[in-house]
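Engineer: turn this into a structure:
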Amino acid sequence: MHLLRNAELYDPAPRGPNHLLVAGKTLVWVGRDVPALDRSLDVQETDLEGRRVIPGLIDGHVHLTGGGGEAGPETRVPPVALSRLTTGGVTTAIGVLGTDDAVRTTAELVTVARGLVAEGLSAWCHTGGYHVPPTTVTGSVRLDIALIDRILGVGELAISDHRSSQPTLEELLRIAGDAHVGGLMSGKAGIVHLHVGDGPRGLELIRQALATSELPATVFNPTHVNRTRALFDEALALSDLGCVVDLTAFPVREGEDAWSADEALVRYLDAGKHPSRVTVSSDGGGCLPVFDAEGRIAAMDVGRPSAIGDTLTRLLGSGHPLERVLPAFTANPARLLRLERKGRLAPGADADLVVLDARGGIADVMARGRWHVRGGRAVVMGMFEGTVHAVSS
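Structural biologist: Numbering: from 1, shown residues only. Sure, this is the predicted structure:
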């Protein structure tokens, strides 16, 4: 058991000074007065001295098995190590496959997610990848979602990108319908998480799907929508139709035709859009290629799992109220993914929390009732960390 004293609690709404009691993997009590506990109980007490405590961050887009491979086999990115997630404040990670959904498989992704769960994180994934037909375990999107515990939806299915299968409207609707019904059968999210490239068609295929089907708008979840400013404007309009749009915390160069995740989130909220229909993810472990005019790789970077924590820190450093921006990292992805015990700090929730330092950086991280990060340093490491090369944060 852990008794956390003197927390300035955000749930993600501001709750003021509170104490928190954790038993096992669950937050069991929150209150203003320290509870009277039987002295026979083994309770570890921590005085947080008024620091801000928030729910653990939920990263809805991580290449857990590693991304890349777009410039040859030597460019395949290694799997993401446990501490690269936790030191960035991430306590829940959703794995995806990208361009390589042939050599890298959904079965492998499920296995890596289960490995992270065994190491103390919360991890799920999507079935499929960039291409149509989706790479599945059972041969069916619907059955993958309905029968495999770790699979929540489909993704990242690519549109408006030269690396995609150039899916037709009919193909997208068939996949989305299977995802939705699989979700209904299992009580899961059943979403289609859509990689959106910088092609001129933008979000047109999603608008057509909404106009020509009975599927709920929440089934369609486009990501990377801040990669160009015109695409971001499309995403603002799409959120009005009920879609949850995902901002990627990738690096943006000065003068680039893109919005950083922190800039995009502020612009989204300032535009008066529905505050629950926006999320932020890292693309951690994913390849961030730059292509020349002939479609060849000109430069390459790797997405860092720490990027969403860094984004939150920048927002706080710029003076934005924590309660205004925090839902995009916590409650909003939890709602979209139907993870009812995540994204909040209330009795019955999973004991996933982050203690912020004075500047809004990640100081301490508890995942499922166990301290993983103290004073900004990992105290729990993955099985092979230090013995093999891992994706840097």
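
Engineer: which residue is the nearest non-sequential neighbour of Leu3?
Structural biologist: The spatial neighbour of Leu3 that comes closest, neighbours along the chain excluded (Cβ to Cβ, 6 or more residues apart in numbering), is Glu45 at 4.7 Å. C-beta coordinates here come from the backbone N, C-alpha and C atoms, glycine included.

Engineer: wait, Glu385
Structural biologist: Ala81 (5.0 Å).

Engineer: gap between that neighbour and His126?
Structural biologist: 21 Å (Cβ to Cβ, to the nearest Å).

Engineer: who has more neighbours, these two?
Structural biologist: Using other Cβ atoms under 10 Å as the criterion, Ala81 and His126 rank with His126 on top: 32 against 26.

Engineer: can I assume that one sits in a strand?
Structural biologist: Yes: assessed with DSSP: H, G, I helix; E, B strand; the rest coil, His126 lies in a strand.

Engineer: does it touch Gly155 like I think?
Structural biologist: Yes: with contact defined as Cβ atoms under 8 Å, His126 reaches Gly155; the gap is 3.9 Å.

Engineer: which residues are in contact with both of the two?
Structural biologist: When Cβ atoms under 8 Å, 6 or more residues apart in numbering defines a contact, the residues bordering His126 and Gly155 alike are Val96, His193.

Engineer: where's the residue lying closest to Met1 once chain neighbours are set aside relative to His372, distance?
Structural biologist: Ranked by Cβ to Cβ, 6+ apart and with sequence neighbours excluded, the top spatial neighbour of Met1 is Val43, at 4.5 Å. Plainly put, Val43 is 20 Å away from His372 if you go by Cβ to Cβ.

Engineer: again with Ala293
Structural biologist: Separation of Ala293 from His372 (Cβ to Cβ): 45 Å.

Engineer: before we move on, what about Ala349?
Structural biologist: Using Cβ to Cβ, one obtains 17 Å as the distance from Ala349 to His372.

Engineer: and the two? Which one has more around it.
Structural biologist: Remark: of Ala349 and His372, His372 carries more neighbours, 25 against 21, as counted by other Cβ under 10 Å.

Engineer: hang on, that one in a strand?
Structural biologist: Yes: following the definition three-state DSSP, His372 is counted among the residues of a strand.

Engineer: ok, it touching Ile362?
Structural biologist: No: taking Cβ under 8 Å as the contact criterion, His372 and Ile362 are not neighbours in contact, 10.7 Å apart.

Engineer: now do the shared contacts for those two.
Structural biologist: With contacts taken as Cβ under 8 Å, 6+ apart, not a single residue reaches both His372 and Ile362.

Engineer: one step back: for the residue nearest to Leu3, give me its contacts.
Structural biologist: If you count contacts by Cβ under 8 Å, 6+ apart, Glu45 has them with His2, Leu3, Leu4, Arg5.
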